[in-house]
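# sequence and predicted model, in that order:
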Amino acid sequence: MNTEARQGIFSWIFSTDHKRIGILYLCSVLAFFLTGVVIGLLMRLELIAPGRTIVSARTYDSLFTLHGIIMIFFFVIPGVPASLGNYFLPLQIGARDVAFPRLNLLSWWLYLIAGITAISTIFLPGGPPDTGWTFYPPYSIRTPTNVSVAALAAFIIGFSSILTGINFITTIHRLRAPGMTWFRMPLFPWTLYATAWVQVLATPVIAITLLLLILERAFGIGFFDPTKGGDPLMFEHLFWIYSHPAVYVMILPAMGIISEIVPTFSRKTVFGYKAIVFSGLSIASLGYVVWGHHMFTSGMSDVSNMVFSFITFAVAVPSGIKVFNWIATMYKGSVDIKPPLLYAFAFIFLFCIGGLTGLINSAVATNIHIHGTYFIVAHFHYTMFGGAGFAFFSGLHYWIPKMSGRLYNFKTSAVACIIMFTGFNILYFPMFLLGWQGMPRRYYDYPPVFQGNNVISTIGSWILAAGLLIMFTNLARALFKGEKAGDNPWDGTTLEWQTSSPPPPENFLEIPVITRGPYSRERNT
Amino acid sequence: MDAKLVKHTDEVGAKMGMWLFLFTEMLFFGGVFLLYAVYRAHYSADFHDASSELNRTIGTFNTVILITSSFSAALSLSEIKKGAVRSSGVSLGITALLGTVFLIVKYFEWSTKIGHGIYPGSAYLNDMSHGKVLFYSLYFVMTGIHAFHVLIGIIVFLVIIFMINKGTIHEGSSVKLENAALYWHFVDIAWIYLFPLLYLLR
């Protein structure tokens, strides 16, 4: 291996090494995450008092749309699989790279092009879209803002996501180390496998939907335009056929991270390995057929409503199984509360609130009451940010020592975790109350009766932002000044801990032969 | 750029990747097929009238062209596996040529319709009943997306022919050709569904 060739910017942006692409993705998703955070803070600041505070109503519409598009398409969906997944999937299954390294690089480039396209809507005449990230017609057909450009960005990033999915499925089928049977595979690759199938089988549906939206705006094809006989409800169906499974693209790999961290810091093999595997697969497959629960007030038949409601309840069962498994893994383990586990605790707690309020949404009767209110906003931030977000942070704390070879300050990261956890609940819990009282989401203004909870929520956003700042500063500092981590700082059992930190270009000097389960505390030969 | 230490191709893996890609293509087309099904059920009389205005003869001709091209693509693969590099390249050339004929016929079909003022957004079409507007929009969108796939296929085949001539695709390493042929068969099958739905079903 030529060492000179591995320096300079081109050795990164044209690298086909899955580890470098993972880091490229990590930097890009974090950049988008921070952009989304700033937009979120602006929105909260606007809502601190009724009426105009800092921006106009029109700007506010663009803000929540951009916040949604950036956070959903550019942070949570690619967040875990494309960054940590890219880096650790081949390491954990004992492979030298993914199955299609060049496609992997292409997928990052598509991500970048999509990102630039999405951001360009701010500067193009017409301004950023103001439809909400869901692009519902008929408004999305009529608005003069750059909906087509934003839809094109989402279309391109869909390609990127599909390529990642195809790559991961093939990698897992073809490149596992000798002796690594399916049930000797660690749980993070298992959840990436389930996720990859969702990416492959759901993303094309949003691609065609957004393409039709673009054609609708450009040529007036009429599919979603009631004045031409089309049906906006069909757009909602097609949109959610992808976008509901997409939330499992967000949460499944997050669950995978937690399933790695809990056994490592409990010094125990995971409880109910197969139950975790199968619950992940059943979440992925049931997740396909619940999209209608986004449309209970859109005018579907009662029968459809009831069926979608029932299946939505069913999907809570495997999620619950996972939570029980994590807790049972800790039971009688020698639990060592290091920062990754602390973030995992925050994940489990917040995800439980998010998941259980999901059941309130999925019951048709209560859904009619809270549909389109802040209750929904609170629910999905508990699952997506409290869930996927905190698991992502947990994963960063777990794996950054492996990726950089350096350790961060444990105390600072624990303080950051506690501040973020506190801020998070102050920010989002009042939204449950606001929603229950009937405050609609996406509104710029509200009656004075809602002000108290809005003020609390905005204060929470500042605390959360302070926590994020401390956490990222601490991690960034570790990259330059942290003490050496060693190959296996956590006494982990999976394969990534058996190579050096950071791993060599081809991951392993010699491909290991697997003779045991992933969390067994005996060593491989 | 990392130099690969060992150059190796996992042919089974490459084919698996292609099949996964074809699943995504199927679901991509699935979206418009779903809309077709729903709107056909809503406006069956309009769909009946509109579809009888399409030219069945031209549609049938194009179907024959495309099926023949799939045959020559399959022939090209079996030739290269036998080591007959030259005839494999010729077969693939015929495939690309037939694909081009398909597109030319499609061009004339579209321009006839457009010449009559029938295209999405035209005042003439918008004055028709809702079902007809949707049928013609579906016709243009579905055949348009399909034609785009045909175009991509032709370009891919030209690249493959170039690679056969250069010797990078040969008897021992033919998975790229096989994947291209798989893609072409998919494009063919999509047409096999589009043809009856748009031209024949009344």
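Ah, there it is.
# nearest residue to residue 55 in space, please, no chain neighbours.
You didn't say which chain, so I picked chain A. What sits nearest to residue A:55 in space, not counting adjacent residues and going by CB to CB, 6 or more residues apart in numbering or on different chains, is residue A:46, at 5.6 Å. In short, each C-beta sits where N, CA and C put it, glycine included.
# chain B was what I was after
Per CB to CB, 6+ apart, closest to residue B:55 is residue B:109, 6.7 Å.
# ok, the one you found touching residue B:56?
No. Counting by CB atoms under 8 Å, residue B:56 is not a contact partner of residue B:109; they are 11.3 Å apart.
# okay, the two: which has more neighbours?
residue B:109 (17 against 12; other CB atoms under 10 Å in any protein chain shown).
# name the helix or strand for that one, please.
Taking DSSP states H and E as the criterion, the element that holds residue B:109 is helix B:85-115.
# report the buried residues of that helix.
B:85, B:88-96, B:98-99, B:101-103, B:106, B:109-110, B:113 (16 or more other CB atoms under 10 Å in any protein chain shown).
# other residues contacting stretch A:118-126?
With contact meaning CB atoms under 8 Å, 6 or more residues apart in numbering or on different chains, stretch A:118-126 is reached by A:66, A:69-70, A:73-74, A:127-129, A:144-146, A:149-150, A:153-154.
# sort out which one of these lies nearest chain B for me.
residue A:154 (14.4 Å; CB to the nearest CB).
# just checking, what packs against the one helix or strand the closest one maps to?
Assessed by DSSP H and E, residue A:154 sits inside helix A:147-174. Using 3 or more CB pairs under 8 Å, 6 or more residues apart in numbering or on different chains; DSSP states H and E, the elements in contact with helix A:147-174 are helix A:57-69, helix A:77-78, helix A:86-93, helix A:101-123, helix A:187-219, helix B:11-42.
# from the stretch 151-300 of chain A, which residue is nearest to chain B?
residue A:229 (2.5 Å).
# report pLDDT for that residue.
Note on residue A:229: pLDDT of 92.
# for the residue positioned nearest the centre of chain A, which non-adjacent residue is spatially closest?
The centroid of chain A falls nearest to residue A:76 when counting by CA atoms, centre = their mean (2.8 Å). Once flanking residues are discounted, residue A:76 sits nearest to residue A:250: 4.3 Å by CB to CB, 6+ apart.
# in stretch A:416-424, what's buried?
Here stretch A:416-424 shows A:416, A:417, A:419, A:420, A:421, A:423, A:424 as buried, counting by 16+ other CB under 10 Å.
# how near is the second one to chain B?
It refers to residue A:417. From residue A:417 over to chain B the distance is 36 Å, taken as CB to the nearest CB, to the nearest Å.
# give me the number of residues near the nearest residue to that residue once chain neighbours are set aside?
Excluding its sequence neighbours, the residue lying closest to residue A:417 (CB to CB, 6+ apart) is residue A:342, at 5.0 Å. Residue A:342: 23 surrounding residues under other CB under 10 Å.
# what helices or strands is the one helix or strand residue A:342 maps to leaning on?
Using DSSP H and E, residue A:342 sits within helix A:339-362. When contacts are defined as 3+ CB pairs under 8 Å, 6+ apart, helix A:339-362 packs onto helix A:232-266, helix A:302-330, helix A:364-370, helix A:374-383, helix A:390-404, helix A:410-437.
# give me the pLDDT for residue 149.
This is for chain A. 97.
# nope, chain B
Reported pLDDT for residue B:149: 98.
# next, it: phi, psi?
phi -70, psi -40 (degrees, to the nearest 10).
# mind checking how far it is from chain A?
13 Å.
# the lowest-mean-pLDDT helix or strand in chain B and chain A, are they touching?
Across the helices and strands of chain B, the lowest-confidence element by mean pLDDT, DSSP states H and E is helix B:123-126, at a mean of 91. Yes. Helix B:123-126 comes into contact with chain A (CB under 8 Å from any CB of the partner chain), by way of residue B:126.
# so which bits of that helix are buried?
Quick answer for helix B:123-126 (16+ other CB under 10 Å): residue B:125.
# same check, this time on stretch A:231-242
A:231, A:232, A:233, A:234, A:235, A:236, A:237, A:238, A:239, A:240, A:241, A:242.
# show the pLDDT at the last one.
Which is residue A:242. Looking at residue A:242, the pLDDT reads 95.
# ok, back up a step: just the buried ones from the contacts of stretch A:118-126?
A:66, A:69-70, A:73-74, A:127-129, A:145-146, A:149-150, A:153-154.
# and the residue of chain B nearest chain A?
residue B:130 (2.5 Å).
# where in chain B is pLDDT low?
B:1-8 (pLDDT under 70).
# next, count neighbours for residue B:62.
Residues near residue B:62, counting by other CB under 10 Å: 21.
# and it, backbone torsions?
phi -60, psi -40.
# correct me if wrong: it contacts residue B:104.
No. Residue B:62 lies out of contact with residue B:104 (CB under 8 Å); the separation is 9.9 Å.
# common neighbours of those two, please.
With CB under 8 Å, 6+ apart as the test, residue B:62 and residue B:104 reach no residue in common.
# shouldn't residue B:143 be in contact with residue B:105?
No. Using CB under 8 Å, residue B:143 is not in contact with residue B:105; the gap is 11.1 Å.
# so what's the residue count around the residue nearest to residue B:52 when sequence neighbours are not counted?
Excluding its sequence neighbours, the residue lying closest to residue B:52 (CB to CB, 6+ apart) is residue B:202, at 6.0 Å. By other CB under 10 Å, 10 other residues sit near residue B:202.
# and residue B:202, how far from residue B:126?
As judged by CB to CB, to the nearest Å, residue B:202 and residue B:126 stand 24 Å apart.
# and residue A:125, by the same measure?
27 Å.
# what sits against residue 70?
No chain was given, so I picked chain A. A:32, A:35, A:36, A:39, A:118.
# hm, I was asking about chain B
B:95, B:184, B:185, B:188.
# let me know the helix or strand that it is in.
Judged by DSSP H and E, residue B:70 forms part of helix B:56-82.
# mind listing what's buried in that helix?
B:59, B:62-63, B:65-66, B:68-70, B:72-77, B:79-80.
# got any ranges where the stretch 401-525 of chain A has weak pLDDT?
Looking at the stretch 401-525 of chain A by pLDDT under 70, you get A:522-525.
# let's see 90
A:520-525 (pLDDT under 90).
# burial measure for residue B:168, as a count.
Neighbour number of residue B:168 under other CB under 10 Å is 11.
# assign a three-state SS to it, would you?
At residue B:168 the chain is in coil, as set by DSSP: H, G, I helix; E, B strand; the rest coil.
# what's the distance between it and residue B:90?
Taken as CB to CB, the span from residue B:168 to residue B:90 is 18 Å.
# same question for residue A:394.
From residue A:394 across to residue B:90, the span is 59 Å (CB to CB).
# count the residues that sit near the closest residue to residue A:403 other than its chain neighbours.
Leaving aside its chain neighbours, residue A:403 sits nearest to residue A:502 (5.8 Å; criterion: CB to CB, 6+ apart). Neighbourhood size, residue A:502 [other CB under 10 Å]: 16.
# quick check, residue A:502 in a strand?
No. If the criterion is three-state DSSP, then residue A:502 is coil and not within a strand.
# that one contacts residue A:401, correct?
No. Counting by CB under 8 Å, residue A:502 does not reach residue A:401; the two are 9.6 Å apart.
# list residues touching both of these two?
With CB under 8 Å, 6+ apart, residue A:502 and residue A:401 have no common neighbours.
# secondary structure class of residue A:445, three-state.
Quick answer, by three-state DSSP: residue A:445 is coil.
# and residue B:158, what does it touch?
residue B:96.
# does it sit in a helix or strand, and which one?
Residue B:158 belongs to helix B:130-166, assigned by DSSP H and E.
# ok and that helix relative to helix B:85-115, angle-wise?
160 degrees (axes from the mean of the first three to the mean of the last three CA atoms, to 10 degrees).
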